[in-house]
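Asker: Provided below are the primary sequence and the corresponding predicted coordinates.
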Amino acid sequence: MAQRKKEEEERRVREVEEKKQREIEEKRQRLEEAEKKRQAMLQAMKDKDKKGSNFTIAKKEQGVLKELKEETETAAQT
């Protein structure tokens with residue numbers, strides 16, 4: 001009887017340990033997934049900023065070129 005109780009207690013302790021290990025592993029996996037998502041989001045923001053910046057710069061450059069062209073035409077007319 002005492003042997004049986006001891007075995008049951010050892011089994012319970014082992015099950016609790018295994019459950020803790022599973023929970024730790026699941027938490028680690030969730031954290032890894034969250035970090036991957038965060039990194040992907042940051043990369044997407046960087047990519048968006050690059051595209052946005054290039055467009056803005058191109059737009060400003062076109063405006064400057066247009067102004068230079070107008071000034072050149074005006075100077076040529078005088």
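Answerer: Arrived safely. Residues are numbered from 1 along each chain as shown.

Asker: any idea how far Glu17 is from Met45?
Answerer: Counting by CB to CB, to the nearest Å, the gap from Met45 to Glu17 is 42 Å. Where you see a C-beta, it was placed from the backbone N, CA and C, and this is true even at glycine.

Asker: do the same with Ala76
Answerer: Counting by CB to CB, the gap from Ala76 to Glu17 is 87 Å.

Asker: which one's more surrounded, these two?
Answerer: Glu17 (10 against 7; other CB atoms under 10 Å).

Asker: CA-only coordinates of stretch 36-45 in CSV, if you can.
Answerer: The C-alpha trace of stretch 36-45 is given here as CSV (Å, rounded to 0.1, in the frame of the first residue of the first chain):
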residue,chain,number,x,y,z
LYS,A,36,9.2,36.9,-36.1
LYS,A,37,6.0,38.9,-36.7
ARG,A,38,7.6,41.9,-35.1
GLN,A,39,10.7,41.6,-37.3
ALA,A,40,8.5,41.2,-40.4
MET,A,41,6.5,44.2,-39.4
LEU,A,42,9.6,46.3,-38.9
GLN,A,43,11.0,45.1,-42.2
ALA,A,44,7.7,46.0,-43.9
MET,A,45,7.9,49.5,-42.4
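
Asker: what's the distance between that stretch and the middle of its chain?
Answerer: 2 Å (CA atoms, centre = their mean, to the nearest Å).

Asker: if you count neighbours, what's buried in that stretch?
Answerer: Buried positions in stretch 36-45, judged by neighbour count with 16 or more other CB atoms under 10 Å: none.

Asker: equivalent analysis for stretch 8-28, please.
Answerer: Per 16+ other CB under 10 Å, stretch 8-28 contains no buried residues.

Asker: just the CA atoms of that stretch, as CSV, please.
Answerer: This file holds the C-alpha atoms of stretch 8-28, laid out as CSV (Å, rounded to 0.1, in the frame of the first residue of the first chain):
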residue,chain,number,x,y,z
GLU,A,8,1.4,7.5,-7.5
GLU,A,9,3.1,10.5,-5.9
GLU,A,10,6.2,10.0,-8.1
ARG,A,11,3.9,9.8,-11.2
ARG,A,12,2.1,13.0,-10.2
VAL,A,13,5.4,14.8,-9.6
ARG,A,14,6.6,13.6,-13.0
GLU,A,15,3.4,14.7,-14.7
VAL,A,16,3.6,18.1,-13.1
GLU,A,17,7.3,18.4,-14.3
GLU,A,18,6.3,17.3,-17.8
LYS,A,19,3.4,19.8,-17.9
LYS,A,20,5.7,22.6,-16.8
GLN,A,21,8.2,21.7,-19.5
ARG,A,22,5.4,21.7,-22.1
GLU,A,23,4.2,25.0,-21.0
ILE,A,24,7.7,26.5,-21.1
GLU,A,25,8.2,25.1,-24.6
GLU,A,26,4.8,26.5,-25.8
LYS,A,27,5.6,29.9,-24.3
ARG,A,28,9.0,29.9,-26.0
